[in-house]
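**Q** Okay, sequence plus prediction incoming.
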Amino acid sequence: MTAFMNVLMASIIAIFVQNSIFERALGINVLLYASRKREHLLGFFAAITYTTTISSAIIWIFDGLFAENEYYSVFMPILYVAVVSVLYILTLVLIWRFFPKLFRNIRKYVHLSVFNCSVIGALFLCSVQGSDIFTYIGYGFGTGIGFLLAAYLLYIAADRLNSPLVPAAFRGFPIMLVYVGILSLALYAFTGYTTSAV
Amino acid sequence: MENKKISLKDGFFKQNIVFMSGLLIAPVIACATTLEKSLAVCLVFSLVSFLTILLCRVIPRKIAYTLRVIIYSLVASAIYIPSVLLTTTVMGGDVIASAGVYLPILVTNSLILSKSESRFYVEPFGDMVPDVLCFIAGFDAACIFTGAVREILAKGTIGGAYLDMPFTIPALETTFGGFLFVGIMAGFARGLYNHHKAKLLRAETDEEDELAEYAEDMGEFLTGKKNSEPDKIRIYKPSKKKKDDAPTNILDMDFSDNRSLVEEFAAIVAGGAELSPDESSGDENWSVEEGEEDMSGEDEGSQESAENKEDNEE
């Protein structure tokens, strides 16, 4: 029960309080791409959630092993990228073997959804925020759900943000940033006025 | 693509990866809150991106991109190690610590993973290097600008030195402040670019108007009639892909010294025909068309008419 509560609490924090998009701006360029189409949105959500959840459990082992090492923070990126790469290859091979049609569909953007700031950043945040394997997993899972929330909020507003009522110079990417900024301001209330250092 | 001319404005301004295309904005929004932190991000980003793109060019393109992307990320992560150690030596450990996760995430930046495939690796090596440097310079300029302005407005300091500011906006230090600031700056940058583009278009239109006015005057001069119908003389303006000689010759020519052309013009005015460059036989030759045609298909129309004329002569 405690394990489940840890996962749940870490997930809620990752979705609302430490949302990787609204609070950290991690993977904002991927978000702008994913929110264009509904199928992209779901595909990116699935890929990010799967990768961050499983990778976070694996990096917990490495964090435990090398935490005392003075230069661990410098070697973290290569280690995390290696973990994500192995998971990515194994998953692709499995999908290619058992779901060839799905493989053909996701092949175009699967690399974008796995190798981006959102996934790698979420793993770094796991190692900063997490304490045990359950909080690591919860945080990884919550990051994926948080991404879906942000992408959906952007998806439903996309038509209005691209309407002719918006000045031409601001149409598209600039107004989306302003919109995400306002949403971020709203979610900022969850953290209160004492934001911890990144 | 082989002979593509590299424009510095492309990476630096027109396709700036922060303000124009938004390919890499997370470190600028969340981390570029002071000049010092911005410089640290720029240094790591420049070293990691430039060296990775340079090294990964040798990776055979036979390997599927789905797998190549792993090699790019691993190479970038390996280059990150000396880059961050160098930055720590230059700027101090505190700055690196305050930058937090925003330095390591640079190993999966879109310049390395996306732009290299779509742009850099399809260019010849000699063109690629300055192009990559322009993109990196564009990011650095945007990041440093954002960091400096946010530090001034949020803290009233620049590089740690106190400025006597009448007011400060502390919210600019936060992530939502970063989103709003970068969004507004992106809007201004795009507005500036649109304004510049419109200005160029206007200049082109003015040139066309000048040409039309000239043709009208010429009609009046040749026919001796005022208010002669301007559409009786049409001077084609070949597209910019053609040699520049043909269109400019018309404007620069002294009519009184070129009797043959004046005669041709007179024939055109009399017959209501059109004058167009005879592209099939060279730049200097001009053919007279019988009847009027729509101006929209300028070059093709003129070429076809020249061919028709030749057929008729045969």
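**A** Noted; the coordinates are in hand. Residues are numbered from 1 along each chain as shown, chains lettered A, B, ... in the order given.
**Q** if you skip the residues just before and after it, what's nearest to the spatially most central residue of chain A?
**A** Nearest to the mean C-alpha position of chain A, counting by C-alpha atoms, centre = their mean, stands A:Ser118 at 4.1 Å. Spatial nearest neighbour of A:Ser118, excluding adjacent residues (C-beta to C-beta, 6 or more residues apart in numbering or on different chains): A:Gly27 at 2.5 Å. For every residue, glycine as well, the C-beta is placed using N, CA and C.
**Q** Packing partners of the helix or strand encompassing B:Thr52?
**A** Using DSSP states H and E, B:Thr52 falls within helix B:35-56. Contacts defined by 3 or more C-beta pairs under 8 Å, 6 or more residues apart in numbering or on different chains; DSSP states H and E place helix B:35-56 against helix B:65-91, helix B:93-99, helix B:125-155.
**Q** List the buried residues in the longest one.
**A** Of the residues in helix B:125-155, those scored as buried under the neighbour-count criterion (16 or more other C-beta atoms under 10 Å in any protein chain shown) are B:127-129, B:131-155.
**Q** ok so, going back, right, and the residue nearest to A:Ser118 touches A:Ser35 too?
**A** No. Look at A:Gly27 against A:Ser35 with C-beta atoms under 8 Å: they stay out of range, at 11.6 Å.
**Q** Same drill for these two, tell me which one is more crowded.
**A** A:Gly27 (29 against 22; other C-beta atoms under 10 Å in any protein chain shown).
**Q** got a pLDDT number for that one?
**A** We have a pLDDT of 87 for A:Gly27.
**Q** State the distance from it to B:Asp209.
**A** 49 Å (C-beta to C-beta, to the nearest Å).
**Q** now chain A, which segments are flagged as low pLDDT?
**A** Residue ranges of chain A with pLDDT under 70: A:192-198.
**Q** all helices of it, in order?
**A** Here chain A has its helices, by DSSP state H, at A:2-12, A:28-34, A:38-66, A:72-98, A:100-106, A:110-114, A:117-129, A:133-161, A:173-188.
**Q** other SSEs contacting the second one?
**A** Contacting helix A:28-34 under the criterion 3+ C-beta pairs under 8 Å, 6+ apart are the following elements: helix A:38-66, helix A:110-114, helix A:117-129, helix A:133-161, helix A:173-188.
**Q** Pick the most buried one from these.
**A** Ranked by mean neighbour count under mean count of other C-beta atoms under 10 Å in any protein chain shown, these are led by helix A:117-129, which reaches a mean of 26.
**Q** Distance from it to the middle of the chain?
**A** Helix A:117-129 sits 8 Å away from the centroid of its parent chain (C-alpha atoms, centre = their mean, to the nearest Å).
**Q** what angle do that helix and helix A:72-98 make?
**A** Relative orientation of helix A:117-129 versus helix A:72-98 (axes from the mean of the first three to the mean of the last three C-alpha atoms, to 10 degrees): 130 degrees.
**Q** Okay, angle between helix A:117-129 and helix A:133-161 too, please.
**A** Using the same axes, to 10 degrees: helix A:117-129 against helix A:133-161 is 140 degrees.
**Q** Spit out the contact partners of the nearest residue to A:Ile106 once chain neighbours are set aside.
**A** Leaving aside its sequence neighbours, A:Ile106 sits nearest to A:Gly43 (C-beta to C-beta, 6+ apart; 6.0 Å). By C-beta atoms under 8 Å, 6 or more residues apart in numbering or on different chains, A:Gly43 lies in contact with A:34, A:106, A:109-110, A:113.
**Q** Reformat the residues you listed as JSON lines; add distance to B:Lys115.
**A** JSON lines is the format used below for the contacts of A:Gly43 (distance: C-beta to C-beta, whole Å):
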{"residue": "A:Ala34", "distance to B:Lys115": "18"}
{"residue": "A:Ile106", "distance to B:Lys115": "22"}
{"residue": "A:Tyr109", "distance to B:Lys115": "16"}
{"residue": "A:Val110", "distance to B:Lys115": "19"}
{"residue": "A:Ser113", "distance to B:Lys115": "18"}
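**Q** Kindly indicate which of those lies nearest chain B.
**A** A:Val110 (6.8 Å; C-beta to the nearest C-beta).
**Q** okay but the closest one is in contact with B:Ala64, surely?
**A** No. Contact between A:Val110 and B:Ala64 fails when scored by C-beta under 8 Å: they sit 11.4 Å apart.
**Q** May I have the residues that are in contact with residue 63?
**A** Went with chain A since none was named. A:Asp63 touches A:127, A:130, counting by C-beta under 8 Å, 6+ apart.
**Q** that's the wrong chain, I wanted chain B
**A** B:Ile71.
**Q** Over to it. Which of the three states is it?
**A** coil (DSSP: H, G, I helix; E, B strand; the rest coil).
**Q** Let me see the backbone angles for it.
**A** phi -70, psi 130 (degrees, to the nearest 10).
**Q** low-confidence ranges in chain B?
**A** B:1-6, B:8-9, B:208, B:211-314.
**Q** Spatially, what comes nearest to A:Ser56 if we skip its sequence neighbours?
**A** Using C-beta to C-beta, 6+ apart, the closest residue to A:Ser56 is A:Gly140 (3.2 Å).
**Q** can you check B:Leu103 too?
**A** Per C-beta to C-beta, 6+ apart, closest to B:Leu103 is B:Val44, 5.2 Å.
**Q** ok, now which ones touch that neighbour?
**A** Here B:Val44 is in contact with B:80, B:83-84, B:87, B:103, B:106 (C-beta under 8 Å, 6+ apart).
**Q** Tell me the buried residues in stretch B:179-195?
**A** B:179-187, B:189-190, B:193.
**Q** where's B:Leu133 relative to chain A, distance?
**A** Going from B:Leu133 to chain A by C-beta to the nearest C-beta, to the nearest Å gives 21 Å.
**Q** wait, doesn't that residue sit right on B:Ser49?
**A** No. The criterion here is C-beta under 8 Å, and B:Leu133 misses it with B:Ser49 at 9.9 Å.
**Q** which neighbours do the two share?
**A** By C-beta under 8 Å, 6+ apart, no residue touches both B:Leu133 and B:Ser49.
**Q** Closest one to A:Phe16 out of the contacts of A:Gly43, please.
**A** A:Ala34 (19.7 Å; C-beta to C-beta).
**Q** For that closest one, give me its contacts.
**A** A:40-41, A:43-45, A:113, A:147, A:151.
**Q** Leaving out chain neighbours, which residue sits closest to it?
**A** A:Phe44 is the one closest to A:Ala34 (C-beta to C-beta, 6+ apart), at 3.9 Å.
**Q** The one you found and chain B: what is the separation?
**A** 15 Å.
**Q** thinking again about what came up before, and the residue nearest to A:Ser118, what is it in contact with?
**A** A:20-21, A:48, A:116-119, A:121, A:147, B:26.
**Q** can you count the residues close to B:Thr89?
**A** Neighbours of B:Thr89 (other C-beta under 10 Å): 9.
**Q** same deal with B:Ser7?
**A** By other C-beta under 10 Å, the burial measure for B:Ser7, its neighbour count, is 13.
**Q** what's the nearest residue to it if we skip its chain neighbours?
**A** B:Lys14 (7.4 Å).
**Q** ok, now A:Phe141?
**A** Using C-beta to C-beta, 6+ apart, the nearest residue to A:Phe141 is A:Thr53, at 4.6 Å.
**Q** before we move on, what about B:Gly183?
**A** A:Leu177 (3.2 Å).
**Q** what does B:Ile105 give?
**A** According to C-beta to C-beta, 6+ apart, the nearest residue to B:Ile105 is A:Cys117 (4.5 Å).
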